[in-house]
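*Asks:* Generate coordinates for the sequence data below:
(one chain, ligands or ions: 2)
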Amino acid sequence: MSIEISKIVQALEPSATLAMAAKAKALKAAGKTVYDFSVGEPDFDTPEHICQAAVRAMQSGHTHYTVASGIPELKQAIVADYARRHGLDYKPNQVVISNGAKHSLHNVFTVLLNPGDEVIIPAPYWVSYAELVKLTGAKPVILQTAEAADFKLTPTALAAAITPRSKVLLLCSPSNPTGSMYSPQELGALADVVLKHNLIVVADEIYERLTYGNHRFASFATVRPGLVERTILVNGVSKTYAMTGWRIGWTMSPANVATAMGDLQSQETSNPSSVSQYAAVAALEGPQQCVADMLGEFAKRRDYVKKRIAELPGVTCPDMAGAFYAFMNIGKHLGRTYGGAKVTNSTEWCLALLEQHNVATVMGSSFGAEGYARVSFATGLPVLEAGFNRIAAFLKSAT
Ligand code: PMP
Ligand code: GLU
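*Replies:* Numbers count the residues shown, from 1 in each chain. Ligands and ions are numbered 1, 2, ... in the order given. Next up is the predicted model:
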């Protein structure tokens, strides 16, 4: 007998970022040297003082269930952090701590959406958004943006996409996968449309602390009065503090939404790991030099990757204002033959690059942008150097 999977899960695309990372790991396990630019995960160890806080939490008995929506100390640390850095006045009962920001997003969509509701998602988008929306029976409405406009949604395009079923606009800034970031003015212009049409905004700000050069981040909730009431902020410790494995993310939202998410989570997963929550308190309240140090390293890598991409013939890439991704336009290199294999789309290109040169990237199609490939530069300079040498050789090999 073959057990039938539910229709809703049959329609689910597995995460392409994690799938490419798994392929890279399998090659490594088979003894190959792999240049892994697939997954967006800092290569740094979690800072020592954070690990020590986790050890102390374990040793002092914080090994039991906590309140399902998270410990008061962490909620307080999060609101204090947003108050200090963004001047936002959230209360702890507006915060829900979950098992990573991906889980937070799942909770948000589950409590907000009814079947048939529309969620506007600008493309290129992070691989999980549309799939998490579809799990609720709601409809992702994908809006293409232009590379020439740094992949930013314009107020005109947003207004034109709104229908009576539109409920949520999803914004990710700085962006995974493009690295572009909206200026406060650009966010303000989008906010005017949001306010006029009574939309809710889910603002994924998980890369807010990773910005480069003169680019300054603004939290969406701050750019116009009246946005706090209609915004759900999503954030977490994974990227800022190199804590991907600890699985702590959170939302800040109107209190009734937070209560609904806490209730959902109480039936779904209960609390996120108690030990990880105490570690996250130490991350937010402890010394912040580690963030500056990691950012300094990311900035060097970003400059290096920009230079290397500029040297690749026929490849373009928008400026990376934040996050740790480069989104390369490889369109000119499709329709060619690599090592005997005809490559017609971004999936085939990324797979050929992995198989022939052991460099792992992620196909643009999984981010809703065919003709592109994403490079995560959350990895050391020597690996980037060797990997880009191989990408250059791969392009050169094409006929
Ligand atoms: N949002 C974006 C844009 C991301 O890139 C990620 C990366 N995993 C997440 C949310 C989820 O992060 P996590 O679940 O590790 O907190
Ligand atoms: N967000 C990271 C990425 O895009 C981590 C993997 C994932 O959760 O998708 O690579």
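
*Asks:* Going by neighbour count, list what's buried in the helix or strand hosting Ala310.
*Replies:* Ala310 belongs to helix 289-311 when assigned by DSSP states H and E. Under the neighbour-count criterion of 16 or more other Cβ atoms under 10 Å, helix 289-311 has 290-291, 294-295, 297-299, 301-302, 305-306, 308-309 buried. Just so you know, the C-beta spots here come from the backbone N, C-alpha and C atoms, and that holds for glycine as well.

*Asks:* Kindly export that helix (C-alpha atoms) in PDB.
*Replies:* Output of helix 289-311 as PDB, limited to C-alpha atoms (Å, rounded to 0.1, in the frame of the first residue of the first chain):
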ATOM      1  CA  GLN A 289      31.400  43.900  19.300                       C
ATOM      2  CA  CYS A 290      30.900  40.400  17.900                       C
ATOM      3  CA  VAL A 291      28.300  41.800  15.500                       C
ATOM      4  CA  ALA A 292      30.600  44.500  14.300                       C
ATOM      5  CA  ASP A 293      33.500  42.000  13.900                       C
ATOM      6  CA  MET A 294      31.400  39.600  11.800                       C
ATOM      7  CA  LEU A 295      30.000  42.500   9.800                       C
ATOM      8  CA  GLY A 296      33.500  43.700   9.100                       C
ATOM      9  CA  GLU A 297      34.300  40.200   7.700                       C
ATOM     10  CA  PHE A 298      31.100  40.100   5.600                       C
ATOM     11  CA  ALA A 299      31.900  43.600   4.200                       C
ATOM     12  CA  LYS A 300      35.400  42.400   3.000                       C
ATOM     13  CA  ARG A 301      33.800  39.300   1.400                       C
ATOM     14  CA  ARG A 302      31.100  41.400  -0.200                       C
ATOM     15  CA  ASP A 303      33.700  43.800  -1.800                       C
ATOM     16  CA  TYR A 304      35.600  40.800  -3.000                       C
ATOM     17  CA  VAL A 305      32.600  39.000  -4.500                       C
ATOM     18  CA  LYS A 306      31.500  42.300  -6.200                       C
ATOM     19  CA  LYS A 307      35.000  42.500  -7.800                       C
ATOM     20  CA  ARG A 308      35.000  38.900  -8.900                       C
ATOM     21  CA  ILE A 309      31.500  39.100 -10.400                       C
ATOM     22  CA  ALA A 310      32.400  42.300 -12.300                       C
ATOM     23  CA  GLU A 311      35.200  40.300 -13.900                       C
END
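
*Asks:* Convert the helix or strand following that helix to PDB, retaining C-alpha atoms only.
*Replies:* Using DSSP H and E, the next helix or strand after helix 289-311 towards the C-terminus is strand 325-329. Coordinates of each C-alpha in strand 325-329 appear next as PDB, following Å, rounded to 0.1, in the frame of the first residue of the first chain:
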ATOM      1  CA  TYR A 325      24.000  37.200  -1.000                       C
ATOM      2  CA  ALA A 326      24.900  38.100  -4.600                       C
ATOM      3  CA  PHE A 327      22.300  37.500  -7.200                       C
ATOM      4  CA  MET A 328      24.100  37.000 -10.500                       C
ATOM      5  CA  ASN A 329      22.400  37.400 -13.800                       C
END
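
*Asks:* related to what we said a few turns ago, export the buried residues of helix 289-311 as TSV, with columns for pLDDT.
*Replies:* Formatted as TSV, the buried residues of helix 289-311 follow (pLDDT from 0 to 100):
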residue	pLDDT
Cys290	98
Val291	98
Met294	97
Leu295	97
Glu297	97
Phe298	98
Ala299	98
Arg301	98
Arg302	97
Val305	98
Lys306	97
Arg308	98
Ile309	98
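
*Asks:* Which of the three states applies to the closest residue to ligand 2 within the chain?
*Replies:* Nearest to ligand 2 in the chain, going by Cβ to the nearest ligand atom, is Gly40, at a distance of 3.1 Å. Recorded secondary structure, Gly40: coil (DSSP: H, G, I helix; E, B strand; the rest coil).

*Asks:* For it, which non-adjacent residue is spatially closest?
*Replies:* Excluding its sequence neighbours, the residue lying closest to Gly40 (Cβ to Cβ, 6 or more residues apart in numbering) is Ser376, at 4.8 Å.

*Asks:* What separation do you get for the one you found and Glu73?
*Replies:* 32 Å (Cβ to Cβ, to the nearest Å).

*Asks:* quick one: which of these two has more around it?
*Replies:* Just comparing Ser376 and Glu73: by other Cβ atoms under 10 Å the higher neighbour count belongs to Ser376, 27 against 17.
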